[in-house]
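J.: let's see this in three dimensions:
(2 chains)
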Amino acid sequence: LAKTTQPISMDSYEGQEVNITCSHNNIATNDYITWYQQFPSQGPRFIIQGYKTKVTNEVASLFIPADRKSSTLSLPRVSLSDTAVYYCLVGDWGSARQLTFGSGTQLTVLP
Amino acid sequence: DGGITQSPKYLFRKEGQNVTLSCEQNLNHDAMYWYRQDPGQGLRLIYYSQIVNDFQKGDIAEGYSVSREKKESFPLTVTSAQKNPTAFYLCASSALEEEGNTGELFFGEGSRLTVL
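T.: Numbering: from 1, shown residues only, chains lettered A, B, ... in the order given. Model (predicted):
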């Protein structure tokens, strides 16, 4: 199973770009990298997914280097409402057992 | 609206009692999952099911049981054998990889169980 390592917490100010990096040294060939956002007492919500290079959607970008041993979630111009826990998830979608959640990164956006 | 419904949102249990948490989805997803989350911790997989009448243990299945009699329903029973059941329980579903999608997990709003 691909184990992930993320910073425990990060602080940022409104309007800044935030980059959260996740390490997954033993990622397998079939594994995808997915990021989720969780607010207190709610279920996590999908943000973005990628396999290699760069993926961008309306809320975030995901950068994956060629060796795929890490990935970086980039949130442009964060606001107070982006304060949440962010999880990096690495796994093969063919098997639920391999969907391993790390400990997550608590992002706090300050005014 | 399509989604996942968990009930009850809050549940209190006395020691020695079994309790069942409900999870229903109308997304027509084949796969369903149960996760446990403790304060300040990540999610740990309890059980998952990829098809009706079949389910597999996750990382922390001891003291829990599930059933999958219908595609849309995946109830979780927390038995008296679970020594530390107080936690936040999350149900999720996903379409399987072969259906041509990302395998995104859709989560319910969670059920918070407290043992008195």
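
J.: for A:S41, which residues are in contact?
T.: B:88, B:110, B:112 (C-beta atoms under 8 Å, 6 or more residues apart in numbering or on different chains). For the C-beta atoms, the positions are set from N, CA and C on the backbone; glycine is no exception.

J.: and it, that's in a helix?
T.: No. Secondary structure of A:S41, determined by DSSP: H, G, I helix; E, B strand; the rest coil: coil, with no helix assignment.

J.: near chain A, which residues of chain B?
T.: B:4, B:31, B:33, B:35, B:41-45, B:48, B:50, B:56, B:58, B:88, B:90, B:92, B:94, B:96-98, B:102-110, B:112 (C-beta under 8 Å from any C-beta of the partner chain).

J.: which among the residues you listed end up buried?
T.: Of the members of the residues of chain B next to chain A, the ones counted as buried by neighbours, 16 or more other C-beta atoms under 10 Å in any protein chain shown, are B:4, B:31, B:33, B:35, B:42-45, B:48, B:50, B:58, B:88, B:90, B:92, B:94, B:96-97, B:103-108, B:110.

J.: which other helices and strands contact the helix or strand where A:Q106 lies?
T.: Following DSSP states H and E, one finds A:Q106 within strand A:105-110. Counting contacts by 3 or more C-beta pairs under 8 Å, 6 or more residues apart in numbering or on different chains; DSSP states H and E, strand A:105-110 packs against strand A:9-13, strand A:18-23, strand A:84-91.

J.: give the buried residues for it.
T.: Residues of strand A:105-110 classed as buried by neighbour count (16+ other C-beta under 10 Å): A:105-107, A:109.

J.: please flag which of the buried ones among the residues of chain B next to chain A sit within strands.
T.: In strands, defined here by DSSP state E, the members of these are B:4, B:31, B:33, B:35, B:43-45, B:48, B:50, B:88, B:90, B:92, B:94, B:106-107.

J.: mind picking the two most distant members of the residues you listed?
T.: The most widely separated members of those, counting by C-beta to C-beta, are B:Q50 and B:F88 (24.0 Å).

J.: next, A:D82: phi, psi?
T.: Recorded main-chain torsions at A:D82 are phi -80, psi 0, according to degrees, to the nearest 10.

J.: contacting residues around it?
T.: Shown here is A:D82, whose contacts under the criterion C-beta under 8 Å, 6+ apart are A:18, A:75, A:107, A:109.

J.: so what's the first one up against?
T.: This points to A:V18. A:V18 is in contact with A:10, A:12, A:74-75, A:78, A:82, A:107, A:109, counting by C-beta under 8 Å, 6+ apart.

J.: quick check: angle from the strand holding A:Q106 to strand A:84-91?
T.: Strand A:105-110 and strand A:84-91 are oriented at 150 degrees to each other (axes from the mean of the first three to the mean of the last three C-alpha atoms, to 10 degrees).

J.: per-residue confidence averaged over strand A:105-110?
T.: What strand A:105-110 shows for mean pLDDT is 97.

J.: partners of that strand in the sheet?
T.: With DSSP bridges as the criterion, the sheet partners recorded for strand A:105-110 are strand A:9-13 (parallel), strand A:84-91 (antiparallel).
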